[in-house]
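Engineer: build me a model:
(3 chains)
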Amino acid sequence: MEAAEFIQYVIAGLKSGSIYALVALGFSVVYASTGIINFAQGEFFMLGGVLSVWFYSLGLPLPVAGIAAVVATAGLGIVFERFALRRQRSANPLVLVIITIGGSMVMKSLARHLFGPDELSLPEFTPGPSIDIVGAAVERQALWVWGLTVVAVLALWWLYRKTRLGHAMRACSISHDAARLMGVDTARVVMISFGIAAALGALGGFAVTPLTQTSWDAGAVIGVKGFAAAILGGLGNPLAAVIGGLVLGLLESLSVAFISSAYKDAISLLVLLIVLFVRPQGLFGSKRREKV
Amino acid sequence: MTRLKSGVMSYVAITIAAVLVAAVPLLSADRYILKVLVYVGVNVIVIAGLALLFGHAGQISMGHAAFVGIGAYTSAYCVGQVHLPWLVGVAVGTALAAAGGFVLAMPALRLRGHYLAMATLGFSEIMYVVFREARGITGGSDGLGGIAYPEVAGFSFDTPVAVYLLVWGVALLTVLLVMNILRSRPGRAMRALHATENGALACGIDTAGLKIRTFALSAGLAGLAGALYAHSVGFISPGTFGLDQSVIYVATVVVGGAGSLAGPVLAAVALTLLPYADALIPGLSRETVAVLQNWETDIYGIAMIAVVVLAPAGIGGLLKRLRSGRAGEAHV
Amino acid sequence: MRGTRVLSAVASMLLALVCVSASGCAVADPSARADGVEPYRIGAVLSLTGTYAGLGVPEKNAIELEVSRINKAGGIAGRPVEVIYEDDASDAAKSQAASVRLIDKEEVLAIIGASGTGQTIAMRTDAERAGVSIVSMAGGSVLTDDFSQWVFQTPWPNRIVIPFVLEKMAAAGYSTVGLISDTGGYGVDGRDYVLSHADDAGVTVVADETFNSGDTDMSSQLTKVRAADPDALLIWAAGKEGAIIARNARQLNMPQPLYGGSGIAREEFIEGAGEAAEGVRLGTGKILIPDSFGVGTESYEVATSFIARYEAAYGVEPDIFAGHAYDAIGLIADALGRIEGEVTPGALRDALEETNAWVGIDGIFTYSTSDHNGLTTDEMVLYVIEDGTWRVDQ
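Structural biologist: Residues are numbered from 1 along each chain as shown, chains lettered A, B, ... in the order given. As a prediction, the model looks like this:
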């Protein structure tokens, strides 16, 4: 295989991988603060795309439409947490997962009723021919997706390390009780975590729509892949989630290259299963020791 | 109420259910209702097995539809391509699904919570790809049609009534079987396991072996349901055995109440019937049905959230309270 | 005693279930009209949502248009036609469930559908078990190759379209072909045909990649195709992914021209692919440019009349899928009119098989007991997309 071809596969893998990374980040943020898996994360991604198309169709300029979509989805995430989840604080975590699944079904279905069953498109942010990188062609929009992912990760890093809220979130990820004893308003932290996760998912949806179009059911597949990526990297660690996403994207792309396009989904999941069995905390997670 | 009395009562309930099941075809010749009730019966078998795993052994499976698919495709293949007798085909399908559960459980059950969910989810997605790609055996994404009716010793179950009675016969036996397991020593061991794994270990219960065997049994029941489904309906496709369906199974058990068997079974009946409301409510206008179908997922999702928020112990919890007048007694 | 409370609760629930189901057969047939004229009930299973929604929606439009025209003119032998629609959401399992509802509950005389090949095959078992005809609007050859007494087909199957397109490619000087197809029924059927007929047409398939419906990025597959350096690309897909492939190919700076079949003969393809649609060639029927029928012929009159009525009702021109649906309902109406005696599903099937030179949009149909498709390559035209619309390729 020539170098240019190989690099093309890597580029394709990093392109889908960065989308998985954004969605995985959302899973990670929620898991870190609350310990639950939010199955509606894929729908936040979908809403980012669908809402930005809608805002754009109302005449808003593209960047404004995107920001509006991200903010609206973040608001929805907060509302969802506040009204559907908060009461169940002490419930069986499985119940919380079920609620997020129910929420996901409703969001998906409402999107279909409100925005129709068809594909929806957005123009590219900066239209133009693909850029040549060492012999491989990269779409300009892909650069946008990478750029926004990097910005998101940096923003999260800054949040966690440099702000009080971030410290509070990290405290919650270790222990809610201990955090509360230290005066942290854990309920507010949980609510904001959902808002951030929704914003991240929506950002991914908005950035990717010019590339792949979007529709009411765009969240389902992405949700599973994002979840897999988060687990692959190690739940609870944002940087690990991003790396997990990129690795998953590369795995898929390289399976097409070297094995077969038909089985690409199965191969990446198989690798994930192996990782889970051999190293369940993910590539970068730390082993949790359980005390009796 | 003593355990003995509650045991007798459960058997009586099953007998009444059996009588009612037998009564339906006597009262109605409507083919459509019988076919819809066949779907219900198949789901009851799956849910009984899942409730056993989930509610009593406390293990999650986010991929149970994959086992249903394994049973369905295997049986269809054995009968259709290899020309084995129907009973053998179903047995092979059930066994293969159980074996699949066994193989998955061995490494997977060392994982906890979300990791186990992910492993079963991953397995389900992989099986979906296999169902879709192994076209020689499964017919690919278009599915497999022309599956023969069930046939035992020359008698062919080729009418809707016969199929309905066969499926419900098996469903009632399955419920009986699961009830018996729950009363017996392994059942009590499972509940101990669910309550506290370390405590169970301390009492000398082989937790790892128990978990694996329960998972395998639960998977086998799902496979049995799949095999019955394939021959009743005559057509199967990968879409029926995907993640969406697995999620619905999990939700059904939770809505039914993860600590009981009656709850999940009733939830299975109710939730399977929901999109087919027009089968039961005569004269329901076509527009209403169209609206119901259009909003089916919304209704489903909201119902799930509502039940889980307002009645976290699910239907089973409500039943328990009816029975004992107070919450929290452990029985079936 | 407390125990009896649960017992009675369970018993009464099940009893209610039984009573309700028993009463189901006592209710009068809701569709019988007051004047005693019972309509002909036809079922329609269409993909109104999902990846094939772009096929199902125009199909439903066309059927509704034609049914209202037939009924306004007095119906068939004085009886109106009533079509009952079901959405299969592009899912084979739902098509099968829909066919059960239509056959067992609504007791239809025939089913129009489905929009997709896999979805049609899903209904076949129930149709055969019950003895009800299916008139499909899907293009997979397997529907009539794997012959069934109860399945009819209105579009040009892959068996006709593919040799046509391959020969055009060879005639244009392209001898090696990179193929990319989807894993649904239509794509798989198409791929099989391409691989088995490439030699006859004089081309060689040097790359053979697949994708699944729902995939959003086919760059990896196209990279592999690019590495094989074919003269031209052939896309065989019917869903929305076609547009993505065209865009991916353009973004990878692939120089090869793109060819396709009916699956990409859609407005959505042009919209979704944008600039990447320019220069794409596809083989399909004559409705896109009605002059191809030959001005003044009966086919031309039928087509232009339909186009005018459709545009007046819906504000857009009908596409090939509306044409498939027009033919489906038209063939059934024509057959119904020819039945003497009691109208049953079996009688309808027999009448369909006697269809002779019926002028439709997809072509002139003649069915028989062994031919349930009735069309030839005479119905095919090669188009090229220029300036966002189709032109006949000279």
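
Engineer: got the confidence number for A:Y31?
Structural biologist: According to the prediction, A:Y31 has pLDDT 86.

Engineer: quick one: secondary structure of it?
Structural biologist: Judged by DSSP: H, G, I helix; E, B strand; the rest coil, the three-state class of A:Y31 is helix.

Engineer: you'd agree it is up against A:N237?
Structural biologist: No. Under the criterion of C-beta atoms under 8 Å, A:Y31 makes no contact with A:N237, lying 9.7 Å away. (Each C-beta comes from the backbone N, C-alpha and C, glycine too.)

Engineer: pLDDT score for whichever residue of the stretch 51-200 of chain A sits closest to chain C?
Structural biologist: Minimum separation of the stretch 51-200 of chain A from chain C (C-beta to the nearest C-beta) falls at A:P117, amounting to 4.0 Å. Note for A:P117: predicted pLDDT of 75.

Engineer: one more: C:A312?
Structural biologist: 95.

Engineer: name the element it belongs to?
Structural biologist: Per DSSP states H and E: C:A312 is located in helix C:298-314.

Engineer: go on, C:Y193?
Structural biologist: Short version: C:Y193 belongs to helix C:185-201, going by DSSP H and E.

Engineer: what's the angle between the helix or strand that comes right after that helix and helix C:185-201?
Structural biologist: Going down the chain from helix C:185-201, the next helix or strand is strand C:204-211, by DSSP H and E. Interaxial angle of strand C:204-211 relative to helix C:185-201 (axes from the mean of the first three to the mean of the last three C-alpha atoms, to 10 degrees): 170 degrees.

Engineer: what pLDDT, on average, does strand C:204-211 get?
Structural biologist: Rounded mean pLDDT across strand C:204-211 is 92.

Engineer: in contact with C:R349, which residues are there?
Structural biologist: Counting by C-beta atoms under 8 Å, 6 or more residues apart in numbering or on different chains, C:R349 makes contact with C:A110, C:G131, C:S133, C:Q149, C:W150.

Engineer: run the last query once more with 6 Å
Structural biologist: C:S133 (C-beta atoms under 6 Å, 6 or more residues apart in numbering or on different chains).

Engineer: distance check, it against C:G323.
Structural biologist: Look at C:R349 and C:G323: by C-beta to C-beta, to the nearest Å, they are 23 Å apart.

Engineer: can you check B:F131 too?
Structural biologist: Distance from B:F131 to C:G323, by C-beta to C-beta: 34 Å.

Engineer: before we move on, what about B:F67?
Structural biologist: Distance from B:F67 to C:G323, by C-beta to C-beta: 44 Å.

Engineer: so which of these two has more stuff around it?
Structural biologist: Using other C-beta atoms under 10 Å in any protein chain shown, the more surrounded residue of B:F67 and C:G323 is B:F67, with 38 against 29.

Engineer: would you check that the more buried one makes contact with B:L224?
Structural biologist: No. Applying C-beta atoms under 6 Å as the test, B:F67 and B:L224 come out as separate, 9.6 Å apart.

Engineer: related to what we said a few turns ago, which other helices and strands contact the helix holding C:Y193?
Structural biologist: helix C:117-130, helix C:158-171, strand C:176-182 (3 or more C-beta pairs under 6 Å, 6 or more residues apart in numbering or on different chains; DSSP states H and E).

Engineer: right, and chain B sits closest to which residue of chain A?
Structural biologist: For chain A, C-beta to the nearest C-beta, closest residue to chain B: A:M105, 3.2 Å.

Engineer: skipping its backbone neighbours, what lies nearest that residue in space?
Structural biologist: Using C-beta to C-beta, 6 or more residues apart in numbering or on different chains and skipping residues adjacent in sequence, the residue nearest A:M105 is B:G301, 3.2 Å away.

Engineer: now for that neighbour, how many residues are close by?
Structural biologist: 22.

Engineer: after whichever strand or helix holds A:L165, next one along is what?
Structural biologist: Here A:L165 sits within helix A:164-174, counting by DSSP H and E. As assigned by DSSP H and E, the chain's next helix or strand after helix A:164-174 is helix A:176-181.

Engineer: following that next one, which helix or strand comes up?
Structural biologist: helix A:186-212.

Engineer: what lies in contact with stretch B:63-73?
Structural biologist: So stretch B:63-73 is contacted by B:46, B:50, B:93-94, B:96-97, B:100, B:120-121, B:123-124, B:127, B:131, B:138, B:219, B:222-223, B:225-227, B:229-230, B:236, B:241, B:245-246, B:249 (C-beta under 6 Å, 6+ apart).

Engineer: got the residues of the stretch 151-292 of chain A near chain C?
Structural biologist: Proximity of the stretch 151-292 of chain A to chain C, by C-beta under 6 Å from any C-beta of the partner chain, involves residues A:T212, A:V221, A:S253, A:V256, A:S261, A:A262.

Engineer: still on that earlier bit, now the helix holding A:L165 and helix A:186-212, what's the angle there?
Structural biologist: 100 degrees.

Engineer: in this structure B:L261 contacts B:A51, no?
Structural biologist: Yes. Judged on C-beta under 6 Å, B:L261 makes contact with B:A51 at a distance of 5.4 Å.

Engineer: the two: who's more crowded?
Structural biologist: Each of B:L261 and B:A51 has its neighbours counted (other C-beta under 10 Å); B:A51 has more, 30 against 25.

Engineer: grab the nearest non-local neighbour of that one.
Structural biologist: Per C-beta to C-beta, 6+ apart, closest to B:A51 is B:P264, 4.1 Å.

Engineer: count the residues that sit near that neighbour.
Structural biologist: Neighbours of B:P264 using other C-beta under 10 Å come to 29.

Engineer: what average pLDDT does the helix or strand hosting it get?
Structural biologist: Taking DSSP H and E as the criterion, B:P264 maps to helix B:262-273. Averaged over helix B:262-273, pLDDT sits at 87.

Engineer: same check on stretch B:276-286?
Structural biologist: Per-residue scores along stretch B:276-286 average to 72.

Engineer: from start to finish, how long is it in a straight line?
Structural biologist: 12 Å (C-alpha to C-alpha, to the nearest Å).

Engineer: what sits against C:G131?
Structural biologist: Contacts of C:G131 by C-beta under 6 Å, 6+ apart are C:P345, C:G346.
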